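Trainee: Okay, here's the prediction I keep looking at, along with the sequence it came from:
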Amino acid sequence: MEYGQTFLALVELFKKFPGIGQRQALRFAHFIIHSDQRYARQLTDTITAAYQASKQCPQCFIRHESDSDICTICLQNGVDTLTIVEKDMDVHVLLASADGNLHTHYFVFGGLIPIANDTSDHVRIQQLMETIKTKKPKEIIIAFSVHPDADHTIRHLADQIRSTFSDITVSALGRGLSSGSEIEYADPETITNALKKRENVL
């Protein structure tokens with residue numbers, strides 16, 4: 001089959017989705033062009049509406065659709081735990097776990113600090129320190145995926161937090177997650193075990 005430029009452009013857009021390669025992108029594109037016009041219009045309208053309704057909370061950086069600029073999680077009172085995650089998808093996974101009712105605020109760190117460099121343009125260290133100062137949590141849980149850059153970031157953050165806030169407990173997820181695991185792909189039971197078995201960062 002000879003593909004046209006519009007079809008190929010659609011394939012390229014699908015390939016930008018996380019974990020989607022050439023074959024899956026082709027399947028998605030074929031599905032779209034063989035769907036009825038009503039479905040295609042509904043899909044495009046819903047994507048546009050979801051994009052326009054989404055906003056980023058200025059406190060935790062989670063994307064949400066609340067009427068307020070501040071997300072509903074940040075508006076909770078009496079919360080003494082702050083959970084740091086790499087990306088906001090991880091928040092949804094934690095909330096969906098059996099311990100999803102863990103009474104905590106969240107902070108989306110925005111990435112990891114590479115082992116080869118103690119700085120990164122994508123992470124929010126300064127904003128995190130301001131959030132800790134404002135929220136005054138008793139415990140900070142660092143909920144990152146399991147790989148070397150994550151371990152390096154955990155140690156780096158723990159050192160920075162302790163040097164500024166000596167009375168805060170800093171813990172990380174227990175090894176309910178296997179090496180190399182991404183939080184967003186973990187099942188709820190695994191996340192629950194990792195939360196229950198969290199350990200103080202040395």
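Mentor: Sure, I can see it. These numbers come from a predicted model, not from an experiment.
Trainee: For the residue most central in space within the chain, which non-adjacent residue is closest in space?
Mentor: Centre of the chain computed as the mean C-alpha position; nearest residue by Cα atoms, centre = their mean is Lys87, 2.2 Å away. Using Cβ to Cβ, 6 or more residues apart in numbering and skipping residues adjacent in sequence, the residue nearest Lys87 is Val108, 6.3 Å away. Just so you know, the C-beta spots here come from the backbone N, C-alpha and C atoms, and that holds for glycine as well.
Trainee: Now do the same contact list for that neighbour.
Mentor: By Cβ atoms under 8 Å, 6 or more residues apart in numbering, the contact list for Val108 reads 60-62, 85-88, 91, 124.
Trainee: State the next helix or strand along the chain beyond the helix or strand harbouring Gln42.
Mentor: Element membership for Gln42, per DSSP states H and E: helix 37-53. Note on helix 37-53: by DSSP H and E, the next helix or strand toward the C-terminus is strand 55-56.
Trainee: if we can go back for a sec, state the distance from the residue nearest to the centre of the chain to His34.
Mentor: 33 Å (Cβ to Cβ, to the nearest Å).
Trainee: Over to Leu95?
Mentor: Using Cβ to Cβ, Leu95 is found at 36 Å from His34.
Trainee: and those two? which has more neighbours close in?
Mentor: Shown here are Leu95 and His34; by other Cβ atoms under 10 Å, Leu95 has more neighbours (16 against 8).
Trainee: Assign a three-state SS to the more buried one, would you?
Mentor: Put simply, Leu95 is helix when judged by DSSP: H, G, I helix; E, B strand; the rest coil.
Trainee: residues touching it, list them.
Mentor: Under the criterion of Cβ under 8 Å, 6+ apart, Leu95 has no neighbours.
Trainee: okay, it: pLDDT?
Mentor: Here the pLDDT value assigned to Leu95 is 85.
Trainee: What of Asp149?
Mentor: At Asp149, pLDDT is 88.
Trainee: Make sure it is actually in contact with Gly111.
Mentor: No: here Asp149 does not reach Gly111: they are 9.2 Å apart, not a contact under Cβ atoms under 8 Å.
Trainee: Distance of Pro18 relative to Ala49?
Mentor: 22 Å.
Trainee: Let me know whether my guess that Ile84 is in a strand holds.
Mentor: Yes: inclusion of Ile84 in a strand is indicated when three-state DSSP is applied.
Trainee: pretty sure it is touching Ile141, no?
Mentor: Yes: the criterion here is Cβ under 8 Å, and Ile84 meets it with Ile141 at 7.1 Å.
Trainee: more crowded one of those two?
Mentor: When neighbours are counted by other Cβ under 10 Å, Ile84 and Ile141 differ, and Ile84 comes out ahead with 26 against 22.
Trainee: domain assignment for the protein?
Mentor: 5-53, 63-200 (automatic domain parsing).
Trainee: What residues does Gln28 make contact with?
Mentor: Quick fix: residue 28 is Phe, not Gln. By Cβ under 8 Å, 6+ apart, the residues touching Phe28 are 11, 14, 20.
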